[in-house]
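Undergrad: Take this sequence and fold it.
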Amino acid sequence: MQFFVPAEKALLPCLVTGEHLIAANSLNALNGNLGMFIGSAIGGAMMGLTGLTSVILFDCASYLLAGMMIFLISWSPGLISKKIESPDSFKVWSDLWREWLTGLTLVKRSRTISVIFVAAAMAMLGEGIIQALLVPFVNLLEGGAMEFGLLLTLRGLGGLLGGFIFGQVGRFVPPHRAFPWTLSGIGLSLLFMFNNPVLIVALVVLCITGMMAVGASVTSTTMLQSGVPNTYLGRIFGVMGMIAASMTLIGQGSASAFADRWGVVVMLNIGGFLYVLSGLIPLALLRNPSSSRLENMDDSTAKN
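TA: Sure, this is the predicted structure:
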């Protein structure tokens, strides 16, 4: 996924024009959530009817079909950075490392990209804490496996609705305005839920946060796609994926280390507050993202 997702997000601006980016990203999010929503139901039914082997074979077939569909995409190779000329494995990996470092350099060169990365890192740190403690929170709701499944289902439903809603809202609200409010909105909603441990409240809140999470993802992705030349998009999204994964891991480790000492609700509140803070940062610092667009850069410029 750390290779596939950056490639997917870098390819999208080569398929649609700039004014359609937010709608395309919203449809992408809608399709992803719809696939997970329907796939869970299909997997459960197949598991009960025909067993685990059939589920695995069906899953493999779905990936093969998706790969075949990707091969049918028509795009312009001229918009993407140069291909690696030598098949030498050492050169391939050294070029990969060099381009990843170039991505880090690009982050420092643009205030907009830096702000998005800091906000995303803060949000993923909070998300890691919340992910690790969601099951203990369900215990506070006096629920079990069924209630936990309901919460995840409602969050997925929120993701479906968010993909549709932000495809429409994006026509009227600039991404740099929607991005901070969706992040802070997630944090405020979660803080309300964690301090009011009632099942119906949790179901409603997770549906809402599912919608806003899609909004945050769509708007941040669109800003990066609009502000970074296509040649460097894969590197930027690759670095962002690494940072998001690292911060999520740190959040999960922190929750595991301190929840017994400080309490589950305290740690969950810290996670919610980190989401609020992640929205306040771009709200204060993102003034004119278009002025931060990186243009006319080659690899030697990026290295310097």
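Undergrad: Isn't residue 248 up against residue 126?
TA: No: assessed by Cβ atoms under 8 Å, residue 248 is found out of contact with residue 126, at 9.5 Å. Bear in mind the C-beta positions are built from the backbone N, C-alpha and C, glycine included.
Undergrad: The two: which has the busier surroundings?
TA: Taking other Cβ atoms under 10 Å, residue 248 and residue 126 do not tie; residue 126 has more neighbours (27 against 20).
Undergrad: contacting residues for the more buried one?
TA: 187, 251, 270, 271, 272, 273, 274, 275, 278 (Cβ atoms under 8 Å, 6 or more residues apart in numbering).
Undergrad: Relative to the whole chain's centre, how far out is the helix or strand hosting the second one?
TA: Which is residue 251. Assigned by DSSP states H and E, residue 251 belongs to helix 230-262. Taking Cα atoms, centre = their mean, to the nearest Å, the mean C-alpha location of helix 230-262 is offset from the chain mean by 11 Å.
Undergrad: helices or strands up against that helix?
TA: Secondary-structure packing of helix 230-262 (3 or more Cβ pairs under 8 Å, 6 or more residues apart in numbering; DSSP states H and E): helix 4-11, helix 89-109, helix 111-140, helix 199-227, helix 264-285.
Undergrad: Buried deepest among the ones you listed, which one?
TA: Across the helices and strands packed on helix 230-262, the average number of neighbours (mean count of other Cβ atoms under 10 Å) peaks for helix 199-227, which reaches a mean of 23.
Undergrad: need the contact list for the residue most central in space within the chain.
TA: Nearest residue to the geometric centre of the chain (Cα atoms, centre = their mean): residue 217, 5.1 Å. Listed by Cβ under 8 Å, 6+ apart, the contact partners of residue 217 are 25, 29.
Undergrad: and what of residue 128?
TA: With Cβ under 8 Å, 6+ apart as the criterion, the residues that contact residue 128 are 247, 248, 249, 250, 251, 252, 253, 254, 255, 271.
Undergrad: Narrow the residues you listed to just the buried residues.
TA: 247, 248, 251, 252, 254, 255, 271 (16 or more other Cβ atoms under 10 Å).
Undergrad: Spatially nearest residue to the second one, not counting backbone neighbours?
TA: Counting by Cβ to Cβ, 6 or more residues apart in numbering, residue 128 is the residue found nearest to residue 248 once chain neighbours are left out, at 4.0 Å.
Undergrad: before we move on, what about the last one?
TA: The spatial neighbour of residue 271 that comes closest, neighbours along the chain excluded (Cβ to Cβ, 6+ apart), is residue 129 at 3.6 Å.
Undergrad: wait, doesn't that neighbour sit right on residue 268?
TA: Yes: at 7.0 Å, residue 129 counts as touching residue 268 under the criterion of Cβ under 8 Å.
Undergrad: From the contacts of residue 128, pick the one nearest residue 179.
TA: residue 247 (17.4 Å; Cβ to Cβ).
Undergrad: do you know how far the residue lying closest to the closest one once chain neighbours are set aside is from residue 220?
TA: The spatially closest residue to residue 247, leaving aside those adjacent along the chain, is residue 124, at 4.0 Å (Cβ to Cβ, 6+ apart). Noted for residue 124: a distance of 12 Å to residue 220, by Cβ to Cβ, to the nearest Å.
Undergrad: what do you get for residue 190?
TA: 19 Å.
Undergrad: cool, and residue 146?
TA: 34 Å.
Undergrad: What of residue 233?
TA: Distance from residue 233 to residue 220, by Cβ to Cβ: 13 Å.
Undergrad: so what's residue 157 scoring on pLDDT?
TA: We note a pLDDT of 87 for residue 157 in this prediction.
Undergrad: what's it in contact with, if anything?
TA: 37, 207, 210.
Undergrad: List just the nearest of these to residue 171.
TA: Of all the contacts of residue 157, residue 171 sits closest to residue 210, with 21.6 Å by Cβ to Cβ.
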